[in-house]
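Engineer: fold the following and give me the result.
(one chain, ligands or ions: 2)
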Amino acid sequence: MSHAALPSLLLIGCGKMGGAMLEGWLEQGVEQVVVVEPYAGATAAFAGRVTTVDSVEKVPAGFSPAAIILATKPQQAEAALPGCARFAQAGALFISVMAGKTVAGMTGMLGGDARVVRAMPNTPAAVRQGFTCCFAGEGVTTVQKALADALLSAVGEVAWVEDEGLIDPVTAVSGGGPAYVFLLAEVLEQAAISQGLPKDLARRMARRTVAGSGALLAASELDAAQLRINVTSPKGTTERALNVLMAPDAWPKLMEEAIAAATARSRELAG
Ligand SMILES: NC(=O)C1=CN([C@@H]2O[C@H](COP(=O)(O)OP(=O)(O)OC[C@H]3O[C@@H](n4cnc5c(N)ncnc54)[C@H](OP(=O)(O)O)[C@@H]3O)[C@@H](O)[C@H]2O)C=CC1
Ligand SMILES: O=C(O)[C@@H]1CCC=N1
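Structural biologist: Ligands and ions are numbered 1, 2, ... in the order given. I've put the predicted structure just below:
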């Protein structure tokens, strides 16, 4: 009998997001994984740890996954999903991480009775520090919902919403959120170089400052605002910087605009 923490999985699309979750699942221990991925380079890092095929038709006939994770680009869904209809007919659970793609759109491609959880994870899943927000479509059983929760909890924190429409702003905030944080590390490094710091030191300090702040935020019960205030000595240096960043037209407004733009794009991708 297997002692793996997680059951057998079929992963459709092993790119940046599928690969990040797979890394987390393998670290946790998974019974068996079959990956459908046409681009051989994408699965090189998993050689020897998963079975890889280049199309869903080549999934071994006897393989019966507990869940099928749909992780192609949204624009590839029409090509990738119809081949999965046989799993839908068998009542399997589908977990889609595709931005924008609605449960109704996916069941249309998989077959009317397909049981689909629409999930929006993020790439820190690779180090089991992800955040995933989920919506369960019609027909998903309590046991299947618990399975989806267990799989996604294995790679980070999980939340569920009852309103599918909320997944679009979730996509903008936590799905894409790591990109905004990595951008912060990039621009902080660049600004350090502009002040005369050597490139290697600038890179080290920007990375460690972003990562260390994230770790402090994760470990603390204080609000982000209080942690910010704790850095900001009255009439000191940080206050001068924050006067620039928190000016009415600066970060708060720009972030509102950025999140609104990404939310709108998620809605567009439904089509
Ligand atoms: N990247 C992220 O941080 C996040 C991404 N997502 C969602 O995850 C999904 C994947 O994104 P991401 O990983 O960035 O994209 P990638 O392009 O890195 O990954 C998609 C992979 O699927 C492969 N693929 C294409 N067609 C098929 C097919 N028919 N069957 C199986 N695999 C196929 C692609 O191959 P090829 O390159 O050759 O086309 C590619 O390797 C998207 O829908 C995105 O919205 C969600 C949350 C966060
Ligand atoms: O950029 C995207 O569309 C995907 C969804 C969230 C993160 N990456």
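Engineer: so how far is ligand 1 from the closest residue in space to residue 7 that isn't next to it in sequence?
Structural biologist: In space, residue 7 comes closest to residue 66 once its chain neighbours are excluded; the distance is 3.7 Å by C-beta to C-beta, 6 or more residues apart in numbering. Every residue, glycine included, has its C-beta placed from N, CA and C. Counting by C-beta to the nearest ligand atom, to the nearest Å, the separation of residue 66 from ligand 1 is 19 Å.
Engineer: so residue 66 touches residue 93, yeah?
Structural biologist: Yes: Residue 66 is within contact range of residue 93, at 7.0 Å (criterion: C-beta atoms under 8 Å).
Engineer: looking at these two, which is more packed in?
Structural biologist: For residue 66 versus residue 93, the count of surrounding residues by other C-beta atoms under 10 Å is larger for residue 93: 25 against 19.
Engineer: common neighbours of residue 66 and residue 93, please.
Structural biologist: residue 147 (C-beta atoms under 8 Å, 6 or more residues apart in numbering).
Engineer: residues from this structure in reach of ligand 2?
Structural biologist: 99, 171, 175-176 (C-beta under 6 Å from any ligand atom).
Engineer: need the residues you listed in JSON lines with neighbour count, distance to residue 87 and pLDDT, can you?
Structural biologist: Converted to JSON lines, the residues of the chain next to ligand 2 look like this (neighbours: other C-beta atoms under 10 Å; distance: C-beta to C-beta, whole Å; pLDDT from 0 to 100):
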{"residue": "99", "neighbour count": "21", "distance to residue 87": "22", "pLDDT": "98"}
{"residue": "171", "neighbour count": "25", "distance to residue 87": "25", "pLDDT": "98"}
{"residue": "175", "neighbour count": "25", "distance to residue 87": "25", "pLDDT": "98"}
{"residue": "176", "neighbour count": "20", "distance to residue 87": "29", "pLDDT": "98"}
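Engineer: redo these as TSV? Include distance to ligand 1 and secondary structure.
Structural biologist: Formatted as TSV, the residues of the chain next to ligand 2 follow (distance: C-beta to the nearest ligand atom, whole Å; DSSP: H, G, I helix; E, B strand; the rest coil):
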residue	distance to ligand 1	secondary structure
99	3	coil
171	7	helix
175	4	helix
176	7	coil
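Engineer: sweet, I'm off.
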